[in-house]
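# need a 3D model of the following:
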Amino acid sequence: MNNIKLTLQYDGANFAGWQIQKNAVTIQQKITDAIKVLLKEDVNVIGSGRTDSGVHAFGQVANFKTESALDIYRFQHSLNSILPQDISIKDISLVDENFHSRFDAKKRSYIYILSFKKSPFFNNYSWLYHNKINIEGLNKLSNILIGTHDFTSFSKKNTEVDNKNCIIYSAKWRVSGDLVIFMIEANRYLHGMVRTTVGTLLKLEKEKNSKKLLIEILDQKNREVAGEAAPAKGLFLYKVKY
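Below is the predicted model of the structure:
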(Lines give C-alpha, C1' and ligand atoms only; values in the text may rest on other atoms or scores of the structure.)
Protein backbone atom coordinates (compact mmCIF):
# COMPACT_ATOMS: atom_id res chain seq x y z
CA MET A 1 0.00 0.00 0.00
CA ASN A 2 1.44 3.37 -1.05
CA ASN A 3 0.94 6.34 1.26
CA ILE A 4 0.94 9.63 -0.63
CA LYS A 5 1.53 12.98 1.07
CA LEU A 6 0.12 16.14 -0.53
CA THR A 7 1.09 19.73 0.29
CA LEU A 8 -1.46 22.12 -1.13
CA GLN A 9 -2.73 25.68 -1.34
CA TYR A 10 -6.27 26.92 -1.81
CA ASP A 11 -8.41 30.00 -1.97
CA GLY A 12 -11.26 29.14 0.37
CA ALA A 13 -13.68 31.83 -0.82
CA ASN A 14 -15.81 29.48 -2.93
CA PHE A 15 -15.77 26.52 -0.55
CA ALA A 16 -17.69 25.52 2.58
CA GLY A 17 -14.40 24.65 4.27
CA TRP A 18 -12.09 21.65 4.04
CA GLN A 19 -14.25 18.80 5.30
CA ILE A 20 -16.68 16.88 3.08
CA GLN A 21 -20.29 17.89 3.81
CA LYS A 22 -23.65 17.05 2.32
CA ASN A 23 -24.97 19.56 -0.22
CA ALA A 24 -21.82 21.71 -0.05
CA VAL A 25 -18.69 22.20 -2.15
CA THR A 26 -15.54 21.50 -0.11
CA ILE A 27 -11.81 21.25 -0.77
CA GLN A 28 -11.57 17.68 0.51
CA GLN A 29 -14.38 16.61 -1.83
CA LYS A 30 -12.79 18.26 -4.87
CA ILE A 31 -9.44 16.58 -4.25
CA THR A 32 -11.01 13.20 -3.52
CA ASP A 33 -13.07 13.37 -6.72
CA ALA A 34 -10.06 14.40 -8.81
CA ILE A 35 -7.92 11.54 -7.49
CA LYS A 36 -10.73 9.08 -8.24
CA VAL A 37 -10.83 10.30 -11.84
CA LEU A 38 -7.10 9.62 -12.22
CA LEU A 39 -6.74 6.38 -10.28
CA LYS A 40 -10.19 4.90 -10.88
CA GLU A 41 -10.45 4.00 -7.19
CA ASP A 42 -11.99 5.45 -4.04
CA VAL A 43 -9.48 6.99 -1.65
CA ASN A 44 -9.73 8.58 1.78
CA VAL A 45 -8.01 11.97 1.71
CA ILE A 46 -7.02 12.95 5.27
CA GLY A 47 -6.22 16.59 6.03
CA SER A 48 -3.92 17.90 8.77
CA GLY A 49 -6.81 20.02 10.03
CA ARG A 50 -10.22 21.36 9.07
CA THR A 51 -10.34 24.91 7.81
CA ASP A 52 -13.70 26.68 8.00
CA SER A 53 -15.76 28.14 5.19
CA GLY A 54 -13.93 30.98 3.47
CA VAL A 55 -10.56 30.25 5.10
CA HIS A 56 -7.50 29.88 2.85
CA ALA A 57 -4.32 27.80 3.00
CA PHE A 58 -0.70 28.32 2.00
CA GLY A 59 0.46 24.98 3.34
CA GLN A 60 -2.29 22.48 4.07
CA VAL A 61 -1.07 18.88 4.25
CA ALA A 62 -3.06 15.76 3.40
CA ASN A 63 -2.40 12.10 2.70
CA PHE A 64 -4.15 9.14 1.10
CA LYS A 65 -3.34 5.50 0.50
CA THR A 66 -3.51 3.68 -2.80
CA GLU A 67 -2.56 0.34 -4.31
CA SER A 68 -1.51 2.13 -7.49
CA ALA A 69 2.16 2.74 -8.25
CA LEU A 70 2.44 6.43 -9.10
CA ASP A 71 4.80 8.45 -11.21
CA ILE A 72 4.82 11.29 -8.67
CA TYR A 73 5.75 14.09 -11.07
CA ARG A 74 3.21 13.05 -13.69
CA PHE A 75 0.51 12.49 -11.07
CA GLN A 76 1.01 15.97 -9.59
CA HIS A 77 0.75 17.55 -13.04
CA SER A 78 -2.36 15.54 -13.92
CA LEU A 79 -4.03 16.27 -10.58
CA ASN A 80 -3.44 20.00 -10.91
CA SER A 81 -4.77 19.97 -14.44
CA ILE A 82 -8.23 18.76 -13.35
CA LEU A 83 -8.52 20.55 -10.02
CA PRO A 84 -10.20 23.98 -10.08
CA GLN A 85 -7.99 27.07 -10.31
CA ASP A 86 -8.45 27.87 -6.62
CA ILE A 87 -6.78 24.60 -5.47
CA SER A 88 -3.12 23.84 -6.20
CA ILE A 89 -0.98 20.84 -5.28
CA LYS A 90 2.45 22.27 -4.39
CA ASP A 91 4.20 19.01 -3.67
CA ILE A 92 3.59 15.26 -3.69
CA SER A 93 5.77 12.63 -2.03
CA LEU A 94 5.71 8.95 -1.09
CA VAL A 95 5.89 8.61 2.70
CA ASP A 96 5.97 5.85 5.29
CA GLU A 97 2.80 3.78 5.35
CA ASN A 98 2.14 4.80 8.96
CA PHE A 99 2.27 8.54 8.27
CA HIS A 100 -0.97 10.33 9.21
CA SER A 101 -1.27 13.98 8.21
CA ARG A 102 -3.48 14.87 11.17
CA PHE A 103 -2.26 12.74 14.07
CA ASP A 104 1.45 13.08 13.28
CA ALA A 105 1.37 16.89 13.08
CA LYS A 106 3.35 18.52 15.91
CA LYS A 107 2.72 22.20 15.23
CA ARG A 108 0.36 24.17 13.02
CA SER A 109 0.69 27.86 12.23
CA TYR A 110 -1.90 30.31 10.93
CA ILE A 111 -1.57 33.87 9.77
CA TYR A 112 -4.28 36.51 9.81
CA ILE A 113 -4.02 39.58 7.56
CA LEU A 114 -5.56 42.99 8.13
CA SER A 115 -5.24 45.88 5.69
CA PHE A 116 -5.28 49.60 6.46
CA LYS A 117 -6.24 50.71 2.96
CA LYS A 118 -8.74 49.52 0.37
CA SER A 119 -7.00 47.49 -2.32
CA PRO A 120 -8.36 45.35 -5.16
CA PHE A 121 -5.45 42.96 -4.57
CA PHE A 122 -6.04 42.38 -0.87
CA ASN A 123 -9.81 42.75 -0.66
CA ASN A 124 -10.51 39.00 -0.80
CA TYR A 125 -7.62 38.03 1.47
CA SER A 126 -7.62 40.54 4.33
CA TRP A 127 -9.90 42.35 6.73
CA LEU A 128 -10.10 46.05 5.87
CA TYR A 129 -9.61 47.54 9.33
CA HIS A 130 -10.23 51.23 9.94
CA ASN A 131 -9.21 51.57 13.60
CA LYS A 132 -5.73 52.40 14.84
CA ILE A 133 -3.62 49.45 15.92
CA ASN A 134 -1.02 49.40 18.68
CA ILE A 135 1.33 46.60 17.66
CA GLU A 136 3.33 46.78 20.90
CA GLY A 137 0.16 46.52 22.96
CA LEU A 138 -1.14 43.61 20.90
CA ASN A 139 2.12 41.71 21.29
CA LYS A 140 2.10 42.19 25.05
CA LEU A 141 -1.45 40.84 25.17
CA SER A 142 -0.58 37.94 22.87
CA ASN A 143 2.26 36.88 25.17
CA ILE A 144 -0.35 35.98 27.79
CA LEU A 145 -1.67 33.27 25.46
CA ILE A 146 1.68 31.51 25.14
CA GLY A 147 1.73 28.21 27.02
CA THR A 148 -1.05 25.76 27.80
CA HIS A 149 -4.54 27.19 28.30
CA ASP A 150 -8.16 26.11 28.08
CA PHE A 151 -9.54 27.96 25.04
CA THR A 152 -13.24 27.25 25.59
CA SER A 153 -13.96 31.00 25.51
CA PHE A 154 -12.38 31.22 22.05
CA SER A 155 -14.15 28.30 20.40
CA LYS A 156 -17.59 27.98 18.87
CA LYS A 157 -20.25 26.74 21.27
CA ASN A 158 -20.84 23.55 19.29
CA THR A 159 -17.21 22.44 19.55
CA GLU A 160 -17.54 18.80 20.58
CA VAL A 161 -14.17 17.86 22.03
CA ASP A 162 -13.51 16.70 25.58
CA ASN A 163 -10.16 18.45 25.96
CA LYS A 164 -10.07 22.14 25.09
CA ASN A 165 -6.49 22.75 26.18
CA CYS A 166 -4.13 24.01 23.49
CA ILE A 167 -0.42 24.76 23.64
CA ILE A 168 0.47 28.11 22.06
CA TYR A 169 4.14 28.27 21.05
CA SER A 170 4.13 31.77 19.60
CA ALA A 171 1.69 34.60 18.85
CA LYS A 172 3.07 37.75 17.22
CA TRP A 173 1.85 40.84 15.35
CA ARG A 174 3.85 42.86 12.82
CA VAL A 175 3.32 45.60 10.26
CA SER A 176 4.25 45.08 6.60
CA GLY A 177 3.48 48.13 4.47
CA ASP A 178 -0.28 48.67 4.52
CA LEU A 179 -0.86 45.28 6.12
CA VAL A 180 -0.87 43.99 9.68
CA ILE A 181 -0.02 40.31 10.01
CA PHE A 182 -0.76 38.14 13.03
CA MET A 183 0.96 34.75 13.20
CA ILE A 184 0.14 32.06 15.72
CA GLU A 185 1.65 28.60 16.15
CA ALA A 186 0.11 25.88 18.32
CA ASN A 187 -0.15 22.13 18.68
CA ARG A 188 -3.88 22.25 17.90
CA TYR A 189 -6.83 24.63 17.54
CA LEU A 190 -10.48 24.54 18.47
CA HIS A 191 -13.29 25.35 16.02
CA GLY A 192 -13.18 29.09 15.27
CA MET A 193 -10.35 29.68 17.73
CA VAL A 194 -7.93 31.75 15.64
CA ARG A 195 -10.54 34.17 14.30
CA THR A 196 -11.99 34.69 17.77
CA THR A 197 -8.50 35.24 19.16
CA VAL A 198 -7.85 37.95 16.56
CA GLY A 199 -11.17 39.67 17.22
CA THR A 200 -10.73 39.49 21.00
CA LEU A 201 -7.16 40.81 21.02
CA LEU A 202 -8.09 43.76 18.80
CA LYS A 203 -11.05 44.57 21.05
CA LEU A 204 -9.08 44.30 24.29
CA GLU A 205 -6.10 46.32 23.08
CA LYS A 206 -8.25 49.44 23.40
CA GLU A 207 -9.44 48.60 26.93
CA LYS A 208 -7.86 49.63 30.23
CA ASN A 209 -6.54 46.68 32.23
CA SER A 210 -6.69 44.61 29.04
CA LYS A 211 -4.24 42.00 30.37
CA LYS A 212 -6.47 41.34 33.35
CA LEU A 213 -9.54 41.15 31.08
CA LEU A 214 -7.85 38.61 28.79
CA ILE A 215 -6.96 36.38 31.75
CA GLU A 216 -10.56 36.64 32.98
CA ILE A 217 -11.88 35.64 29.54
CA LEU A 218 -9.65 32.54 29.55
CA ASP A 219 -10.69 31.65 33.10
CA GLN A 220 -14.44 32.03 32.51
CA LYS A 221 -14.50 29.39 29.74
CA ASN A 222 -17.50 31.08 28.14
CA ARG A 223 -17.64 32.03 24.45
CA GLU A 224 -19.99 34.93 25.18
CA VAL A 225 -17.34 36.89 27.11
CA ALA A 226 -14.83 36.91 24.21
CA GLY A 227 -14.91 39.27 21.22
CA GLU A 228 -16.48 38.75 17.82
CA ALA A 229 -14.63 36.50 15.40
CA ALA A 230 -12.64 38.25 12.69
CA PRO A 231 -13.87 37.65 9.10
CA ALA A 232 -12.80 34.33 7.54
CA LYS A 233 -11.26 35.87 4.43
CA GLY A 234 -8.19 37.13 6.29
CA LEU A 235 -7.21 33.73 7.71
CA PHE A 236 -4.67 31.34 6.18
CA LEU A 237 -3.39 27.95 7.32
CA TYR A 238 0.30 28.74 6.85
CA LYS A 239 2.37 25.68 7.74
CA VAL A 240 2.17 22.25 9.34
CA LYS A 241 5.25 20.82 11.07
CA TYR A 242 5.92 17.11 11.65
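# where do the strands sit along this structure?
For the chain, applying DSSP state E gives strands covering 2-10, 46-47, 56-66, 87-95, 107-115, 127-128, 147-150, 165-176, 179-186, 235-241.
# got the buried residues for the longest one?
Spelled out, that is strand 165-176. Within strand 165-176, the residues that qualify as buried are Cys166, Ile168, Ala171, Trp173, counting by 16 or more other CB atoms under 10 Å. In this view, the C-beta of every residue, glycine as well, is placed from N, C-alpha and C.
# list of residues touching stretch 233-242?
13, 48-49, 51, 54-61, 101, 104-114, 124-127, 183, 194-195, 198 (CB atoms under 8 Å, 6 or more residues apart in numbering).
# ignore the last one, stretch 69-87
With CB under 8 Å, 6+ apart as the test, stretch 69-87 has contacts from 2, 4, 8-15, 27, 30-31, 34-35, 37-38, 88-89, 91-94.
# and those residues, which of them are buried?
Those of the contacts of stretch 69-87 that meet the buried threshold are 4, 8-12, 15, 27, 30-31, 34-35, 38, 89, 92, by 16+ other CB under 10 Å.
# specify the residue ranges that define each domain of the chain.
Following the assignment in automatic domain parsing, the chain carries domains at 2-95, 109-241.
# ends of the shortest one, how far apart?
Between the start and the finish of domain 2-95 there is a gap of 8 Å, counting by CA to CA, to the nearest Å.
# now it, how far from the chain's geometric center?
15 Å (CA atoms, centre = their mean, to the nearest Å).
# quick check on the contacts of stretch 233-242: which are buried?
The buried subset of the contacts of stretch 233-242 (16+ other CB under 10 Å) comprises 48-49, 51, 54-61, 101, 105, 108-114, 125-127, 183, 194-195, 198.
# mind putting the domains of the chain into CSV with mean pLDDT?
As requested, the domains of the chain are exported to CSV (pLDDT from 0 to 100):
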stretch, mean pLDDT
domain 2-95, 96
domain 109-241, 94
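# number of residues surrounding Lys208?
6 (other CB atoms under 10 Å).
# name the residue most distant from the centre of the chain?
Distance from the C-alpha centroid of the chain peaks at Ala69, with 31.2 Å (CA atoms, centre = their mean).
# gap between that one and Thr7?
According to CB to CB, to the nearest Å, Ala69 and Thr7 sit 21 Å apart.
# for Trp127, same thing?
In terms of CB to CB, Trp127 sits 26 Å off from Thr7.
# enumerate every residue touching the residue nearest to Asn98 when sequence neighbours are not counted.
Leaving aside its chain neighbours, Asn98 sits nearest to Asn3 (7.7 Å; criterion: CB to CB, 6 or more residues apart in numbering). With contact set as CB under 8 Å, 6+ apart, Asn3 has these partners: Asn63, Phe64, Lys65, Leu94, Val95, Asp96, Glu97, Asn98, Phe99.
# mind running it again at 10 Å?
63-66, 93-101 (CB atoms under 10 Å, 6 or more residues apart in numbering).
# can you pick the most crowded of the residues you listed?
Ser101 (23 neighbours).
# how about it, phi and psi?
Dihedral angles of Ser101 (phi, psi; degrees, to the nearest 10) stand at phi -60, psi -30.
# so it touches Leu6, yeah?
Yes: if you go by CB atoms under 10 Å, Ser101 and Leu6 touch, sitting 8.3 Å apart.
# find residues that contact each of these two.
Residues touching both Ser101 and Leu6 (CB under 10 Å, 6+ apart): Val45, Ile46, Gly47, Gln60, Val61, Ala62, Asn63, Phe64.
# may I have the beta-bridge partners of the third one?
With beta bridges defined as DSSP bridges, Gly47 has these partners: Ala62.
# so it sits against Phe103, correct?
No: using CB under 10 Å, Gly47 is not in contact with Phe103, being 11.6 Å away.
# okay, the two: which has more neighbours?
Gly47 (22 against 9).
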